[in-house]
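Enquirer: can you look at this prediction? I've put the sequence above it.
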Number of protein chains: 2
Amino acid sequence: MGKVATSEALRFMTDCLKAVGTATKAAQQQAELLIQADRMGHPSHGLNRLELYVNDIISGACCPNNEPKILKESASTAWVDANNVLGATASHFAMDIAVRKAKQTGVGWVTVKGSNHNGMAGWWAQKAADKGLIGMAFTNTSPLLAPTRSKKSALGTNPLSVVAPASKGETFYLDMATTAVAVGKIEMQMRKDEPIPSGWAQDPDGKETNDAQLAFNTGCLMPLGGGEKTSGYKGYGLAAMVELFCGISSGSNYGHHIRSWSHSGQGGPANLGHCFVAVDPECFAPGFGDRLTESMQHWRQLEPADPNLPVLAPGDKEKKAAQITDGKGTVSYVKQQIDSSAALAKRLKVKPMDVELD
Amino acid sequence: MGKVATSEALRFMTDCLKAVGTATKAAQQQAELLIQADRMGHPSHGLNRLELYVNDIISGACCPNNEPKILKESASTAWVDANNVLGATASHFAMDIAVRKAKQTGVGWVTVKGSNHNGMAGWWAQKAADKGLIGMAFTNTSPLLAPTRSKKSALGTNPLSVVAPASKGETFYLDMATTAVAVGKIEMQMRKDEPIPSGWAQDPDGKETNDAQLAFNTGCLMPLGGGEKTSGYKGYGLAAMVELFCGISSGSNYGHHIRSWSHSGQGGPANLGHCFVAVDPECFAPGFGDRLTESMQHWRQLEPADPNLPVLAPGDKEKKAAQITDGKGTVSYVKQQIDSSAALAKRLKVKPMDVELD
């Protein structure tokens, strides 16, 4: 493991994106998205993703200095062409529209085509919550999820996020893939040489497997809920719903038409689809924030089955991780990440990250 | 089992509701909601629920002849007080508003307080889809779901539904509880004296159980995803999200404040909360219906792990059940249901259902 000052990690990521031609603001916004994931304990969506973006820019698959534009709009909706910019640029542009429309009409619903990977969905929903609104963010992703009964994948991990401002400084924060787990969790079990639980992933014959190595090689995740007996078709339905809001609505690539997942920048523009929604809770019953906080406090105070594992409210894990990171002022990365970042610095002729090795 | 002409079951349910003082239109709408569930293969939400509604009317917990009203509205939202009418009356009223606003602004988002059990969520989302819109319906319900790590329940089965019109006569139809399964599935295993899969329900100590009888007596369902290892906290988060859209937004009862589940009519007004959303896909990329149909066809053609179990698109099961029912012109009920309906007919002095026993 290595420790890096949070500001230094942000500097490094910004520099790498600028080194491949990204204008300063776009580079900063993308780096900010990544550092938030590292800060909140989701390293898979942080610095770990930088090289994917860099490679897409180098190959021309992503054009970070283009301008997104509105193709069509109504009082409460907009259809946006991201014009192949970075995911953060597209997502700021679109969520700003959703927030503005929600302030005017109560709801803003924006779909985006022609976009790129936009990182942690919760970061975008949070943007609306920061303005006092219920924020939602959805995105499609490369195919990895096998529909219930299928041998092959046909949908992405298709995350959904809902973030809402509560009273007394509380925030409801839900950010989840619609697969049971992300590929990263299988990778971790494989490295520890431990089995994976049933319901995470399939073998090449479409059967549930407990073999982490086989699951990783197959790359066929099961939907939330696992197998059919435990209602995995609901997770499949949710992934399909996210696709309906994203690619099917926006006209981007969708489902099985999305390029396969790689960090190589190959396969041409990703042309991903997103959906951003903002809803003003002031349009409904007074006391929204108080009821939300009372609920979250109630859930935390429920008697746990295991006294060592208290019940959490949605977002408590992320909040705690962020507090710890902010207290230390540093983020920690595994050695492999430190090494690949050093190699990237060399390749791009960027000042390497200043790392304090443990 | 007993067979009943679909029109006769509808007649019987309407008569029972009228016998306890419900005006004709409200009785018909509630009966129509129930027969749709029987027709689509979800008998738990059909005739099976009639007695609950009847008892609530007799006890005064539900006032079927009140009028729902709009308390507040904006261009794209409305806050409705159902004024304690039947769930179907409240839901027609609210979804009609959502549809009207979606036609005007692109989106309609309506929350409802003071309502009663509104049956199969998909029926309400379908109402918007019938008008060419993406329809969504959410409702809170009595506490039955144990948040991840908790010994006790604190949220309902909180269903969500998304229905969307596709081309070539296809419809995307997702209607799912956010628990792994409904109580009815546990009851069925108990009657067959068979165990339940892990991930369905807890024992009184908050541990996963395979004992159907114990699970049924405990009444503590696990969220979609099951235990913590298989990401049950995502199902818990989804149930909480549904509550955020329903009770927390509308100011109805919410979560642990909702009366416990019973058919007795005790516990006073349910004061449930719903949320209805309609979105006009015409506001986004042309070709929405074609992309949706192409996706659904692609999913069905995926190679299945078991050649005898073809991959389904969301809603295929319900569509097939409805086709079979419509082909026969009859719905089938288990003996227990036939007997309790006969007893209800006697109690309410209503003409009993004309049943053809197998």
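Expert: Nice, I can see it. This is a predicted model, so every value here is computed, not measured.
Enquirer: show the contacting residues for the residue nearest the centre of chain A.
Expert: By CA atoms, centre = their mean, chain A has its centre lying nearest to residue A:120, at 2.5 Å. Residue A:120 makes contact with A:33, A:36-37, A:40, A:42, A:45, A:175, according to CB atoms under 8 Å, 6 or more residues apart in numbering or on different chains. In this view, the C-beta of every residue, glycine as well, is placed from N, C-alpha and C.
Enquirer: burial check on residue A:192, number of neighbours?
Expert: 9 (other CB atoms under 10 Å in any protein chain shown).
Enquirer: and it, what pLDDT?
Expert: At residue A:192, the model reports a pLDDT of 86.
Enquirer: how far away is it from chain B?
Expert: 14 Å (CB to the nearest CB, to the nearest Å).
Enquirer: next one: residue A:353
Expert: Taken as CB to the nearest CB, the span from residue A:353 to chain B is 32 Å.
Enquirer: quick one: that residue and residue A:342, what's the gap?
Expert: 7 Å (CB to CB, to the nearest Å).
Enquirer: can you check residue A:137 too?
Expert: 33 Å.
Enquirer: okay, the two: which has more neighbours?
Expert: Neighbours per residue (other CB under 10 Å) separate residue A:137 from residue A:342, with residue A:137 holding more: 30 against 14.
Enquirer: now the lowest-mean-pLDDT helix or strand in chain A: how far from the chain's centre is it?
Expert: Lowest by mean pLDDT, DSSP states H and E among the helices and strands of chain A is helix A:183-191, with a mean of 86. On the basis of CA atoms, centre = their mean, to the nearest Å, helix A:183-191 sits 18 Å off its chain's mean C-alpha point.
Enquirer: stretch A:305-318 now?
Expert: 22 Å.
Enquirer: so where do the strands sit in the stretch 201-350 of chain A?
Expert: A:272-279, A:330-333 (DSSP state E, counting those that start in this stretch).
Enquirer: deepest of those, which one?
Expert: strand A:272-279 (a mean of 30; mean count of other CB atoms under 10 Å in any protein chain shown).
Enquirer: okay, and the closest residue to residue A:72 other than its chain neighbours sits in which element?
Expert: Spatial nearest neighbour of residue A:72, excluding adjacent residues (CB to CB, 6 or more residues apart in numbering or on different chains): residue A:79 at 4.3 Å. Assessed by DSSP states H and E, residue A:79 sits inside strand A:77-81.
Enquirer: next secondary structure after that strand?
Expert: helix A:87-105.
Enquirer: so how far is that next one off the chain centroid?
Expert: Centre to centre, stretch against its chain (CA atoms, centre = their mean), the figure for helix A:87-105 is 17 Å.
Enquirer: which part of the stretch 101-250 of chain A gets nearest to chain B, residue-wise?
Expert: residue A:206 (2.9 Å; CB to the nearest CB).
Enquirer: nearest spatial neighbour of that residue, skipping sequence neighbours?
Expert: residue B:305 (2.9 Å).
Enquirer: quick one: low-confidence ranges for chain A?
Expert: Chain A contains residues with pLDDT under 70 at A:262-266.
Enquirer: for it, which segments count as helices?
Expert: A:6-19, A:24-39, A:50-59, A:87-105, A:121-129, A:183-191, A:212-218, A:232-243, A:249-250, A:288-300, A:316-328, A:335-348 (DSSP state H).
Enquirer: which strands and helices sit next to the last one?
Expert: Just to be clear, that refers to helix A:335-348. helix A:6-19, helix A:50-59 (3 or more CB pairs under 8 Å, 6 or more residues apart in numbering or on different chains; DSSP states H and E).
Enquirer: nearest to residue A:133, out of the ones you listed?
Expert: helix A:6-19 (26.5 Å; CB to CB).
Enquirer: got the buried residues for the closest one?
Expert: A:6, A:8-19 (16 or more other CB atoms under 10 Å in any protein chain shown).
Enquirer: just the C-alphas of it, formatted as CSV.
Expert: Extracted C-alpha coordinates of helix A:6-19, given in CSV (Å, rounded to 0.1, in the frame of the first residue of the first chain):
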residue,chain,number,x,y,z
THR,A,6,-5.6,13.8,-1.6
SER,A,7,-4.6,17.0,-3.3
GLU,A,8,-1.6,15.3,-4.9
ALA,A,9,-3.7,12.5,-6.3
LEU,A,10,-6.1,15.1,-7.7
ARG,A,11,-3.1,17.0,-9.2
PHE,A,12,-1.7,13.9,-10.8
MET,A,13,-5.0,12.9,-12.4
THR,A,14,-5.6,16.4,-13.7
ASP,A,15,-2.1,16.5,-15.2
CYS,A,16,-2.5,13.2,-16.9
LEU,A,17,-5.7,14.2,-18.6
LYS,A,18,-4.2,17.6,-19.6
ALA,A,19,-1.1,15.8,-21.0
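Enquirer: just checking, what packs against that helix?
Expert: Using 3+ CB pairs under 8 Å, 6+ apart, helix A:6-19 is in contact with helix A:24-39, helix A:50-59, strand A:330-333, helix A:335-348.
Enquirer: distance between the second one and the chain's centre?
Expert: The offset between the C-alpha centroid of helix A:50-59 and the centroid of the whole chain comes to 17 Å, using CA atoms, centre = their mean.
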